[in-house]
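Visitor: Here you go, sequence then predicted model.
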Amino acid sequence: MSSNSRIRSFGDREAGPGRPVYITGEIGINHNGELDNAFKLIDAAAEAGCDAVKFQKRTPEICTPRDQWDIERDTPWGRMTYIDYRHRVEFGEDEYRQIDEYCKTKNIDWFASPWDTEAVAFLEKFDVPAHKVASASLTDDELLRALRATGRTVILSTGMSTPKQIRHAVEVLGSDNILLCHATSTYPAKAEELNLRVINTLQQEFPNVPIGYSGHETGLQTTLAAVALGATFVERHITLDRAMWGSDQAASVEPQGLVRLVRDIRTIEASLGDGVKKVYESELGPMKKLRRVTGVVAEADIAAAAGEPVTV
Ligand SMILES: C=C(OP(=O)(O)O)C(=O)O
């Protein structure tokens, strides 16, 4: 970790105030268990300029309540029990080795949300830059303790959580190595329930923790608004095609949308500046041509012309 207490390291990259927004394309299980889909999504994220792609890692027998194992459902691979389906969409070590190699060739990070402690141990076989706690896992102290013990950066998502639960989770994880993500856990989330000002509430409540945003809305504007409000980390689900089979696909961003999202985040972060009022060199020409000085502001104009910050 750097000396600035609100900067978090993601391998060679960093996130936090004053750093580029760390943008993650959440593949989750939108690969539908097909490695080829995962590679195409990694391509899309790398081409758009994302910093990372993310997956979800579960041990199906631990994460699926026993009474749901044998419930049958129709899937693109035929009718199967829920537990078989959970295995069908889960990548094993061999697939993650290939993903690891592929991401290296594309210069993009990858990490995952482990949904149980075995999944933490599984992910620790790789040199991932971070781990993520899905909103659903915020109350799983056992998982949080296992993640804290890894010593890696941990992103804690806060959808469907009360302030008390969030405070408790932060206490269990410790605040030195975490990043908090505002989220609303509906798919897709309605604009009226995004409550983006919570980003500022979290900034005030946890001044030493960088705050990010994990979005499940349709469209891009509200994620851009989150960046304008100070989100230092952004995560959106990504898909090859919103019409694909799977519960997260419809609330995901397709490759072309992802290009626009990353482009617009970079423009917004460049435009936010440092908040110190100044007059730019580039304004001197228009100033000369357009301004009438008839009073006391003349001095400020002279200071500005010399490139000094102007006190307002
Ligand atoms: C569901 C997840 O996160 P979030 O709660 O941020 O959507 C996840 O990371 O798997």
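Guide: Sure, I can see it. Numbers count the residues shown, from 1 in each chain.
Visitor: close to the ligand, is stretch 207-214?
Guide: Yes - judged by Cβ under 6 Å from any ligand atom, stretch 207-214 and the ligand are in contact via Ser214. Glycine gets a C-beta too; all of them are placed from N, C-alpha and C.
Visitor: same question, stretch 40-59
Guide: Yes - Stretch 40-59 lies within reach of the ligand by Cβ under 6 Å from any ligand atom, at Gln56.
Visitor: Centre of the chain to that stretch, how far?
Guide: 11 Å (Cα atoms, centre = their mean, to the nearest Å).
Visitor: pull the CA atoms of that stretch into PDB?
Guide: Extracted as PDB, the C-alpha positions of stretch 40-59 are listed here (Å, rounded to 0.1, in the frame of the first residue of the first chain):
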ATOM      1  CA  LYS A  40     -14.400 -12.900 -26.000                       C
ATOM      2  CA  LEU A  41     -15.600 -10.900 -23.000                       C
ATOM      3  CA  ILE A  42     -11.900 -10.400 -21.900                       C
ATOM      4  CA  ASP A  43     -11.200  -9.100 -25.500                       C
ATOM      5  CA  ALA A  44     -14.100  -6.700 -25.300                       C
ATOM      6  CA  ALA A  45     -13.000  -5.400 -21.900                       C
ATOM      7  CA  ALA A  46      -9.400  -5.000 -22.900                       C
ATOM      8  CA  GLU A  47     -10.400  -3.300 -26.200                       C
ATOM      9  CA  ALA A  48     -12.700  -0.900 -24.300                       C
ATOM     10  CA  GLY A  49      -9.800   0.000 -22.000                       C
ATOM     11  CA  CYS A  50     -11.000  -1.600 -18.800                       C
ATOM     12  CA  ASP A  51      -8.500  -2.200 -16.000                       C
ATOM     13  CA  ALA A  52      -9.900  -5.600 -15.000                       C
ATOM     14  CA  VAL A  53     -12.400  -8.300 -15.600                       C
ATOM     15  CA  LYS A  54     -14.100 -10.100 -12.700                       C
ATOM     16  CA  PHE A  55     -15.600 -13.500 -12.200                       C
ATOM     17  CA  GLN A  56     -17.600 -15.200  -9.500                       C
ATOM     18  CA  LYS A  57     -16.200 -18.300  -7.800                       C
ATOM     19  CA  ARG A  58     -18.400 -20.600  -5.900                       C
ATOM     20  CA  THR A  59     -18.200 -24.100  -4.400                       C
END
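Visitor: Average pLDDT for it, rounded please.
Guide: For stretch 40-59, the mean per-residue pLDDT is 98.
Visitor: name the element the spatially most central residue of the chain belongs to?
Guide: Central residue of the chain (Cα atoms, centre = their mean): Glu235, 2.7 Å from the mean position. Assigning secondary structure by DSSP states H and E places Glu235 in strand 233-237.
Visitor: cool, Leu180 as well?
Guide: strand 178-183.
Visitor: Leaving out sequence neighbours, find the closest residue to Arg6.
Guide: Using Cβ to Cβ, 6 or more residues apart in numbering and skipping the chain neighbours, the partner closest in space to Arg6 is Gly16 (4.7 Å).
Visitor: Ok, Gln68 next?
Guide: Leaving aside its sequence neighbours, Gln68 sits nearest to Tyr82 (Cβ to Cβ, 6+ apart; 5.0 Å).
Visitor: residue contacts, the one you found?
Guide: When contacts are counted by Cβ atoms under 8 Å, 6 or more residues apart in numbering, Tyr82 is found next to 64, 68-73.
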